[in-house]
Structures are given as structure tokens and as C-alpha cells.
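[1] sequence first, predicted coordinates after that:
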Amino acid sequence: MLGIGILKGMVVTAKNFFGSFVNKRLLPTIQYPEAGNSVTLFSRNIPFLVYDNDEDPLGTMRCVACKICEKECPPQCIYIVMEKDANGKPAKRPKVFDIDISVCMGCQICVEVCPFESIKMDSTFELSTPDRFEGLLLKREHLLKSNTYFHKIHPDEAQEVDDRLAAKQKKPAPTPSTPAA
Amino acid sequence: MVPLHYYLVVSAILFFVGLLGVLTRRHAIIVLIGVEIMLNAANLNFIAFWRFGPNPDLLLGQLFTLFSIAIAGAEAAVGLALVIAVYRFYKTPDLEKMTSLHE
Amino acid sequence: MTPINPDQLIVQLTQWALSFLDSYPLVAVLVAILLSTVPLIAVFPGCFAITTWLERKGLARIQNRIGPNRTGPLGILQPAADGIKMLLKEDIVPKTSDRLAHFLAPVVLMVPAFTILSVLPFNRNMIPAAVDTGVILFFALGSVSTLAVFMAGWSSRNKYSLLGGMRAIAQMVSYELPLVLSGVTVIMMTGSLDTTKIVAQQQLSEWIQSSNAGLQCLGQIIGWNVFTPWGFAGFLIFFVASLAEINRCPFDLPEADSEIVAGHLTEYSGFKYALFFMSEYVSAFAINGLSTTLFLGGWSGPNIRPPWSDDPNALLIPGFVWFFAKMFALMLVMIWIRGTLPRLRVDHLMGFAWKFLLPLAIMNIFVGGFYYYAPRWHGIPVVGWPIGFLVMYLSYECIGRLNRGPKTAQRVYHYAS
Amino acid sequence: MIITFSILSAIAVISALLAVRLRNLVHATLTLMAFFVALAGLFILLMAEFLAAVQILVYVGAVGILILFAIMLTQQVTGNVKEHIEAHGALWGLAGATAVLLTLLLPAILKTALPLQPVVETIDPSVRALGLNLMAPYTIALQVIALLLTAALLGAVVIAISPEKSEEEKKS
């Protein structure tokens, strides 16, 4: 019969209409500011710096200001200045660690190249600011986040990293003992 | 009630206006508009005479006007089609430039 | 003191109010005019507001969204917010536009849209203008809206506007024919252009009035024109043609936003745009009211008598409730269709009117005539109904099949192989 | 009554005058529509409701729109006519039209004794009677009109089809 296709289409839309009241799948909208979207396990956004001890973030940060990430960053959004102690010796800590997130493209290359597991990808997405210059330039203080936070957002990856770090710590211990043996 | 004179005078003036349009403008469509105005003036006359006549129940004036409106519709359709056809040929709607028969 | 009849309460109140003015006939006439026009001007913009909200919510649910929910509970204040936004916006008139025509176009659209409402019978004794030529007056004033759309499109001096205006003219003039012809069947069967008589005609079904009480409750429903073969076909033709006549989806080519911006509305903003928007909805209500009157029995619903009254005309649920319920139901179907069907192509649109709806409407007139003269058994159209239905169905199939273009081959998708 | 009449007839005359005198064709057509509507108002005043409705339906809804279409197809879309609009001997035309008005129409109206009041005070404007009249005594006229309209429709289509277009269609 002619026109049956129109009726079929009408039935489909009617199903959508009534289904949206009962079926969660047919109404996937989330009221964003009130009910935040749940972030998936593998979502990544911008890098952050990991520290280990919650009491002393600056003291236990893993970054040693080796500037590998600064060199590798394709859009060159990382800027690092190494800290010097009172004697003028390098202190293996960044004095300045800036990431211009208006330039960062979230490629994760800095994470891949970091030998100290100190820079990881964050999954936060509420980054809007009223200031498009200073507000989008994240300083060291903004970037420092604890290992527990890393565990919270990417548990599997954080566990892997922890294991690797633990293995690394163990390894140097036997090395000096080898000549003794 | 408004007397019959008034309607007839209005209708006469409308007829005059339509005639003015036909006689003084050179654009084919305006000439057609003038013809339409004259037809409508005649219709007004028919209706007025029907209303003031002795036998409105016979509805003669209304019937005649109905036919006249139908004919006016046909006239407008054919007239405008002619205007378009002539325009395609002469590339102008100006009646005074359509002089093939004249030359 | 007559017993209270909920059906006629408003009419009785009006008469009671007017009875105080008996000694001032001129004032009484003025008050009577106000009493019949002010409710129209008050009620229909309200209906328009509710419909915009319903439409946004309904379309949202069809598209698996939630729709407006910020202003008020369930977003019910959204129309008010929209209205305030519209009123506060700057009224921009293009520099090269034809000022007078640009200004007059929304007015020319709105005045007939409200005027045609006055020939609709909302209830027994509740019709703003009881004229002998109701239906034809409706169609006549409705055809003025074509002019308004053209004025809007032409005066904007914008090629998209002009294209929209020309499309609107072509579409509305074409679809007026099936619209009027499917209405003609009803007029022919009723023998009157008067809308009140058309409604009264549909309440007459003697064979059911004489039967038992349970069926009598349905007495005012069975007689609806939509339950006859010609009425059913006519209703469908009328409904489709009215969709095109008021430029709603899927016939919204004059304002097809993916092709010609917003058609004739492109250069309108602020209050004028709001007027356009409102008149479109009001004419949608008007045309749905007319199809309710012509095919769905107008204000008649199930005969539920109030227990305290012996008056056979007394009804517990007032007629205008049924009228507005039917009108809103048709409006909801329009929203549903808008959420379902995609826009037609221009040549398909014109072909659909001239090659499909028009022959079908003419066929419908013949079927109506046959139904009228076919022999009946105790008033039941035992011959007319099935044969009429069969003829209409066959002509639907035949005309539809004749209109089919060359059959296209099944599309084959070549993926990377 | 007289006030309504004067307003309506003033609108009718002025808009008719504008319709034949305006330079801009689309404006002329729009004022022509106003003229049609005012005339429909006069019909209502004369108790010919049905004809008023038909007047609006046919003239505003069909003829006027047709004229607009014709303008859009023949002129540039602004409707402005650049060259001068008066016909040759326009003054003679004006004189002739005035002469017709002053010597033929007005004297005839003013000299005839015409009824001031309608003979029948109230008319029940019955569409039904009109329809019965069309069906019984005037059937032939109705049929002829129908034939004429069909012929006009076909004729208009045949005239308006452009010859080049049809040749192109033949080729393709």
C-alpha cells in the first residue's frame, strides 16, 4: 500500500517520543552543570605534574626539570626553568613550569618521553576562564597534583606506573652489591 | 440607507479611473489593471441595481456578477499569458514598442 | 431561573450581562462585539504560547532531547521568555527595503488570521460571526495570507526572501485547490456554507438516537463526517493540504532554512518577526478548527448529560472543551509530522498537489454524490459506505501508482574492496 | 452606514487611482488589492456577502497574485519602471476619459430618477437560492462559463509556454 512508509516513520518517532520517558537509552541528555558527565577511564586532556607526598607537594614532585618534554612538545607549549639552590647549583627541580593550555593539543608526547613518570595526562575538562591570556597559562602550582589523584582518575595506569617506579627503586639497590658479590 | 445615486457615482468614477489607466499608461500590465478596474466598476453597478431593484429575490444581479467575475478571471489569465508571451518576443512590456503590424 | 447547563454557561452569562444594556442599544451592540472578539484575541495568543512550548518539548522528545527546562517548571515559561526576547530585540529594516510594504506585511498576515477565527463555531450558540457564507469567507480571507507572504518576500530586497515569497505563492495557490475541493464535498453533503449547520448536520444520526442509552452516548460521534468514506478521504486531503497552506513541515519550502535562509522571514526581526510567527500559528489553529468543524464534528463530543437536568441539549462537558481538544490534537499531529518527515523537493511538492491530491479530491466529490444517493437500510448507508470506501481506496492506489516515477534500481554501496 | 460607505468608496477610488498612476508596478498591484478589498466591503454593504467572499477569493487570491507573477516574470523584481510611463497622447486619453465621465456617465446618473431607498428593506442573503438558480435556470450559462474557464486555462498555458523551451525539450 502506498504511504505505508510514512506511517512507519511516524511509528518510529512515536516510539522515540514515548520511549524517552521510560528508557534511559532514548534520553541520553545530561544536565551538565548540575549533573557532571562521568569521564571515561581513558579520557585525557592536558598534562599535569605528579607528586608523591600530600604534605609536601613541592618537595616530592617527580619532575627534575630535565626539559625533555619542553624539547619534544610539538606545539612548544611547555616552558621550564630549573631551580638553583643557594650555591647556584642546579636543584633538579623546576622553578618555573608553565603550560599554555591554549596551545596544548593533548598529544601525550610529553608523557611518553618523560623518564621520571612525572608528567601525566589529566581528565579534567572544565577549563574555562574569563581571562584568555593569564587564565590559560597554567603555572607549576596549578599543575601539581598528587599521586592519589592520579590513582583516582586513571587507576590502572597509576598502578602500573607505581609498580614500575618501585621496580626501578629496587634495581639500583642490587647494582652496587654486584661488584661486592 | 445610502441612496442608489451614490453607488452609481462611485462606480462611474471607478470606471473613469480604469479608462484613465487604459488610455494614459504604456505598460501592458497597467493596461490590464485598468481593464480589471472597469470590470469591477460594472460589477458594483450590477450589485447596486440588484439591491435597489424590485425583485432582489431573483438574484439576477448577483448571478450576473458571479459570471462576470468568472470571465474576469479567465480574461486575466489569458491576458497575462499574452503579456508574458509578447514580452518574450519584444523583450519589453511597453505597448508602444510593439509595432510589427504597424510597420 | 433556568437550571444551570454547563454547556451554555458562558452564553447565558453573556446574555445576562447584555440584558442590563437593553435600554442603550448602541452600547449593547458595542459590548456584544467586544464580548465576541476580545476572547478570540485573548485566547488564541495563549494557545499559541502553549503550542510553541508543546512543540519544542515534543520535538525534543522525538529527537531524544529534553527540550526547554530552564524557565519555570518544565520550561513552561519559555514562551514568555521568548516573547520578552522578541520584544526587546532591535527592529531592523534593511536599508534598500520597501519600507511601507515591509511594515504592512505582518499586519496583512495577522488581520485575516484572526478574522477567519470568527466563523468557527466553538460551541452551540457560541460563534463570533454567524454568517451564511462561513466556509467560503474562511477560504477567501485565508487566501489573503498569500499576498502577505509575497509582500514580505518582495519588500525585503533580498534574493532569498524573494525566492521564499515566490515559492510560497506557488505552493499556497496550488494547495488551495485540493483544500477547497475536499471542503466542497462536505458543503455539498450538508447543503450549506454555514459552519453551524455543518456541525449540526454531523450530530444527526437517527438510527443511533433511537437505539439504547449506551449507544446514545456515542450519538454525536458516529455522525462525524470523518467516519464516512468521502469524509475520511476528504479529511486526509484537507489535512495534508492545510499543512502546505500554512507552510508547515514537510511543506515548509518557503522558509526552508537549509536552502534559502528563512525565506520571506529573513529580513524580519524583533516584534515584526514575532507577529509573523504568531500569525502562522493562529492560522494553523484556524485551519485545524475548520477541519474540526468540517470533518470531526465541531464541538460535539460524547453525550454526557448532567444528572440534575432533563434538558436533552444539556451537556456536562461543555462543547468548547471538545472543540479545543480536537484542535489541539490536530496541532499535536502536525508537530508529530514535523518531527518525522523531511522536507519535500519543489517539483515533488507541486506534483503532489496537482497530480495526486487534486484528482483525489475531485474523485472524492463523486464518491460523496454516490454516497448521498445510495440506498440505505434504516438510515444506515449499507451500500454507500463499502462501495464508497472501495472506490476511494482504489482511486488512491491507482492515482498513486500512476504518479510513480521510473523505478530506480536498488542502490548498491561499494565499500573499499 | 453613510460613513462606512464614504470610507470604503474613498479607499476604492484612491487606491484605484494609485493603481493606474503609480510608477512602481508592484505598488500598483498592491493598491489594486486594496481596491478589490474595498469593493468587497461595498458588496457587503449591499448585502451581497457571498459575492464579497468570492471577490476576495478570486481577485485578491488569484487575479492579483497572477498579476504579481506576471510582473516578476517580465520586469526587474523591484518593479520600478525606468523609462517614462506615459503613453503618447496621454493628455488626449485623459481628456477622453474625463469626457466620458462628464458627458456620458454622470449626467445619465444624475438625470434619471433613481430610488433613494431599496424596494425590499431586508434581504435574507441566501447562498442556497443562488446555488439553486445556478443549477436550474442558468445551468447552460454555468456550463459555458466552465468551458470558457477550461479553454482560458489551456490557452494561457499554451501561450505562456516558451517556444524555445519546447524545442529544447524536443532535442533532449
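    Noted; the coordinates are in hand.

[2] check contacts around residue 46.
    Using chain A here. Shown in contact with A:Ile46 (Cβ atoms under 8 Å, 6 or more residues apart in numbering or on different chains): A:Ile99, A:Ile101, A:Cys104, A:Gly106, A:Met121, A:Asp122, A:Thr124, A:Leu127, A:Leu138. For glycine as for every other residue, the C-beta is placed from the backbone atoms N, C-alpha and C.

[3] not what I meant, chain D
    By Cβ under 8 Å, 6+ apart, the neighbours of D:Leu46 are B:Tyr7, B:Ile47, B:Ala48, B:Trp50, B:Arg51.

[4] closest point of chain D to chain C, which residue?
    D:Gly61 (3.0 Å; Cβ to the nearest Cβ).

[5] what count of nearby residues applies to residue 6?
    Reading this off chain A. Residues near A:Ile6, counting by other Cβ atoms under 10 Å in any protein chain shown, number 13.

[6] I was after chain D.
    D:Ser6 has 13 neighbours, counted by other Cβ under 10 Å.

[7] from the contact counts, what lies against the longest helix along chain B?
    As assigned by DSSP state H, the longest helix anywhere in chain B is helix B:60-90. Packing partners of helix B:60-90 (3 or more Cβ pairs under 8 Å, 6 or more residues apart in numbering or on different chains; DSSP states H and E): helix B:28-52, helix D:49-55, helix D:64-74, helix D:127-135, helix D:139-160.

[8] related to what we said a few turns ago, pull out the buried members of the contacts of D:Leu46.
    For these, a burial check counting by 16 or more other Cβ atoms under 10 Å in any protein chain shown picks out B:Tyr7, B:Ile47, B:Ala48, B:Trp50, B:Arg51.

[9] restrict those residues to those near chain D?
    Applying Cβ under 8 Å from any Cβ of the partner chain to the buried ones among the contacts of D:Leu46, one finds that B:Tyr7, B:Ile47, B:Ala48, B:Trp50, B:Arg51 fall near chain D.

[10] quick one, what contacts the third one?
    By Cβ under 8 Å, 6+ apart, the contact set of B:Ala48 is B:Leu4, B:Tyr7, B:Leu8, B:Ser11, D:Leu46.

[11] ok, it to C:Tyr372 distance?
    According to Cβ to Cβ, to the nearest Å, B:Ala48 and C:Tyr372 sit 38 Å apart.

[12] same deal with the fourth one?
    As defined by Cβ to Cβ, B:Trp50 lies at a distance of 32 Å from C:Tyr372.

[13] C:Ala274 - how many residues pack around it?
    C:Ala274 has 18 nearby residues by other Cβ under 10 Å.

[14] so what's it closest to, chain neighbours aside?
    C:Met86 (4.0 Å; Cβ to Cβ, 6 or more residues apart in numbering or on different chains).

[15] contacts only, for the one you found.
    C:Gly270, C:Phe271, C:Tyr273, C:Ala274, C:Phe277.

[16] I'd say the fourth one and C:Lys85 touch.
    Same thing as C:Ala274. No - look at C:Ala274 against C:Lys85 with Cβ atoms under 8 Å: they stay out of range, at 9.2 Å.

[17] the contacts of A:Ile46, buried ones only, as a ChimeraX selection?
    Selection of buried members from those for ChimeraX, criterion 16+ other Cβ under 10 Å:
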select /A:99,101,104,121,122,138
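
[18] the contacts of A:Ile46 in helices, which ones?
    Among the contacts of A:Ile46, none falls in helices (DSSP H).

[19] wait, which of the contacts of A:Ile46 is closest to chain D?
    For the contacts of A:Ile46, the minimum distance to chain D (Cβ to the nearest Cβ) is 51.2 Å, reached by A:Leu127.

[20] what strands flank the strand ranked longest in chain A, and is each parallel or antiparallel?
    Longest strand in chain A, counting residues (DSSP state E): strand A:90-100. If you go by DSSP bridges, strand A:90-100 pairs up with strand A:78-84 (antiparallel), strand A:137-138 (antiparallel).

[21] strands of chain A, residue ranges please.
    Ranges of strands in chain A, per DSSP E, are A:47-51, A:78-84, A:90-100, A:119-121, A:137-138, A:144-146.

[22] nearest to C:Val186, of those?
    C:Val186 lies closest, by Cβ to Cβ, to one member of the strands of chain A: strand A:119-121, at 70.2 Å.

[23] partners of the closest one in the sheet?
    Strand A:119-121 is paired, per DSSP bridges, with strand A:47-51 (antiparallel).

[24] list the contacts of the closest residue to A:Pro94 other than its chain neighbours.
    Distances taken as Cβ to Cβ, 6+ apart put A:Ala65 closest to A:Pro94, at 4.1 Å, once the chain neighbours are dropped. A:Ala65 makes contacts with A:Ile80, A:Val81, A:Met82, A:Glu83, A:Pro90, A:Lys92, A:Arg93, A:Pro94, A:Lys95, A:Phe97, as judged by Cβ under 8 Å, 6+ apart.

[25] A:Lys145 now?
    Taking Cβ under 8 Å, 6+ apart as the criterion, A:Lys145 is in contact with A:Phe48, A:Leu49, A:Val50, A:Tyr51, A:Asp122.

[26] give me that answer again for 10 Å
    If you count contacts by Cβ atoms under 10 Å, 6 or more residues apart in numbering or on different chains, A:Lys145 has them with A:Phe48, A:Leu49, A:Val50, A:Tyr51, A:Pro57, A:Met61, A:Lys120, A:Asp122, A:Thr124, A:Lys152, A:Ile153.

[27] and the gap between the third one and A:Glu157?
    Think A:Val50. 11 Å.

[28] can you count the residues close to the closest residue in space to C:Leu315 that isn't next to it in sequence?
    Spatially, and ignoring its direct neighbours in sequence, C:Leu315 is nearest to C:Asp7 (4.0 Å; Cβ to Cβ, 6+ apart). For C:Asp7, the neighbour count with other Cβ under 10 Å is 25.

[29] right, is stretch C:95-102 up against chain D?
    Yes - Stretch C:95-102 lies within reach of chain D by Cβ under 10 Å from any Cβ of the partner chain, at C:Thr96, C:Asp98, C:Leu100, C:Ala101.

[30] under a three-state scheme, what state does the first one occupy?
    What that stands for is C:Thr96. Following DSSP: H, G, I helix; E, B strand; the rest coil, C:Thr96 is assigned to coil.

[31] same check, this time on the third one
    Local secondary structure at C:Leu100 is given as helix here, using three-state DSSP.

[32] pretty sure it is touching D:His27, no?
    Yes - at 8.2 Å, C:Leu100 and D:His27 qualify as touching, with contact defined as Cβ atoms under 10 Å.
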